[in-house]
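Student: For reference, the sequence and a predicted model appear below.
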Amino acid sequence: MANIRILSREDVIRVTEMQPIIDCVEEVYRQKSDGQTVVWPTTFYEFDPGHADMDIKSGYLPQAKLYGHKTVSWFEANQDRGLPDLTGLIAVYSAETGLPIGILDASYITGIRTGAAGAIGARYLARADSQNLVLVGSGSQALFQIAAMKTLFPGLRKITVVNVRTPDHAARFTAALPQMLADQFGLDLAGVALASSGDLETALSDADIVVTVTPSKTPLVRKDWVRPGTHLSCMGADMAGKQEVESALLAGARIFVDDLEHCISAGEIEIPLKQGVISQGDIVGEIGDLILGKVPGRQREDEITVYDSTGMALLDIAAAKAALALAEEKNLGTVVTL
């Protein structure tokens, strides 16, 4: 017999906060660098290329004695249907018995851990005096990326949200941003200038930190638009063929990844590698190596740094376990006996 706790999106929101998730994600990166994790191959399928897809990611955390998998679907048209565009489920299992422990809505955990990952990349690679954030994309990830950045960079003075395809969407999102951050994360944007735009070149002209969160297969960020000293956290490329940043920008940049094998096959570095613009030797290391001090980070104030994150099920499993533990303490969710 096995008792499985099932958590809805609302349950997950009630037991999940940004700073603990940032800490959780960073710890998984450390364990991965130390060889204490196992990542299994990702399954990906496009129902409508560039508009609807799904993926299945899985992995094993020996220290926590857990393994699990996550299935996530992204259907862009759901925004016009009044439905969430990002949905999915996470299943967590005991690595001692093989019995399931919990099933959780994946959308919120995916969002918050991805936001945490982007901000951790900036924490270790952006200039210490960074104040201007540019977010490329205004979809479901946008709020989480900004919340995580504001948590780790409380001195931010300007946030610009860019949507080159539908600037009106960026404008609506930006108008609602202060209230959403206050309600969901307890964050105050007093003293922060907010802007939205469809003009990416102009927005990038004074950016210190750039986060890309789009499904684009055509580079949006051009090399000539990015000023020296900028850090980029590239979060949107998570399957073969996606590319948000011009290949030439990576040449000469200091590049880090979350999972080298997966990023080579499906990350922001995939196409530049295939084009021969960069080589595998240009990848300094994984983010966990940087966190543990195995490799040096930014070398110069005028250096462009890039963090390529495709996402790992390990992060979802760790975050899900934390959510399940708190839900048990608070008696949240539904317990089903198999």
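Tutor: That came through, no problem.

Student: And the strands in the stretch 201-338 of the chain?
Tutor: 209-212, 231-234, 254-257, 283-286, 305-308, 334-337 (DSSP state E, counting those that start in this stretch).

Student: Next, format those strands as a markdown table and append mean neighbour count and distance to residue 222.
Tutor: For every residue, glycine as well, the C-beta is placed using N, CA and C. Formatted as a markdown table, those follow (neighbours: other CB atoms under 10 Å; distance: least, CB to CB, whole Å):
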| stretch | mean neighbour count | distance to residue 222 |
| --- | --- | --- |
| strand 209-212 | 27 | 12 |
| strand 231-234 | 30 | 12 |
| strand 254-257 | 24 | 17 |
| strand 283-286 | 19 | 22 |
| strand 305-308 | 26 | 14 |
| strand 334-337 | 10 | 49 |
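
Student: Where among these is average confidence lowest?
Tutor: Lowest mean pLDDT within those: strand 334-337, at a mean of 95.

Student: Tell me the helices and strands packed up against that strand.
Tutor: Secondary structure elements in contact with strand 334-337, counted by 3 or more CB pairs under 8 Å, 6 or more residues apart in numbering; DSSP states H and E, are strand 3-7.

Student: Run through who's touching the strand it packs on.
Tutor: Strand 3-7 has contacts (CB atoms under 8 Å, 6 or more residues apart in numbering) with 15, 100-105, 323-324, 327-328, 332-338.

Student: Give the buried subset of those residues as a PyMOL selection command.
Tutor: To isolate the buried subset of the contacts of strand 3-7 in PyMOL, counting by 16 or more other CB atoms under 10 Å, use the following:
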select buried, resi 15+100+101+102+103+104+105+323+324+327+332+333
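
Student: before we move on, the earlier item: which stretch among the strands of the stretch 201-338 of the chain comes nearest residue 170?
Tutor: strand 209-212 (13.6 Å; CB to CB).

Student: Other residues contacting that closest one?
Tutor: Identification of contacts with strand 209-212 by CB under 8 Å, 6+ apart yields 118, 122, 126, 130, 132-137, 145, 149, 153, 204, 220-221, 226, 230-236, 244-245.

Student: Take the strands of the stretch 201-338 of the chain and write them to TSV, including distance to residue 19.
Tutor: What follows is these, written out as TSV (distance: least, CB to CB, whole Å):
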stretch	distance to residue 19
strand 209-212	18
strand 231-234	18
strand 254-257	22
strand 283-286	23
strand 305-308	20
strand 334-337	28
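
Student: Now do the contacts for residue 156.
Tutor: Contacts of residue 156 by CB under 8 Å, 6+ apart are 130-133, 149-150, 192.

Student: Give me the secondary structure label for the closest residue to residue 62 other than its chain neighbours.
Tutor: Spatially, and ignoring its direct neighbours in sequence, residue 62 is nearest to residue 36 (5.9 Å; CB to CB, 6 or more residues apart in numbering). Under DSSP: H, G, I helix; E, B strand; the rest coil, the three-state class of residue 36 is coil.

Student: quick one: residue 36 and residue 63 touch, right?
Tutor: Yes - the pair residue 36 and residue 63 passes the contact test of CB atoms under 8 Å, sitting 5.6 Å apart.

Student: Compare neighbour counts for the two and give me the winner.
Tutor: residue 36 (15 against 12; other CB atoms under 10 Å).

Student: That one and residue 51, how far apart?
Tutor: 38 Å (CB to CB, to the nearest Å).

Student: ditto for residue 130
Tutor: Taken as CB to CB, the span from residue 130 to residue 51 is 34 Å.

Student: Give me the more crowded residue out of those two.
Tutor: In terms of neighbours (other CB under 10 Å), residue 130 is the more surrounded of residue 130 and residue 51; the figures are 20 against 12.

Student: What residues does the closest residue to that one other than its chain neighbours make contact with?
Tutor: Spatially, and ignoring its direct neighbours in sequence, residue 130 is nearest to residue 208 (3.7 Å; CB to CB, 6+ apart). Neighbouring residues of residue 208 by CB under 8 Å, 6+ apart: 126-127, 129-133, 229-231.

Student: next one: phi and psi at the residue sitting nearest the centre point of the chain?
Tutor: Residue closest to the mean C-alpha point of the chain, counted by CA atoms, centre = their mean, is residue 114 at 2.4 Å. Torsion angles at residue 114 (phi, psi; degrees, to the nearest 10) stand at phi -70, psi -40.
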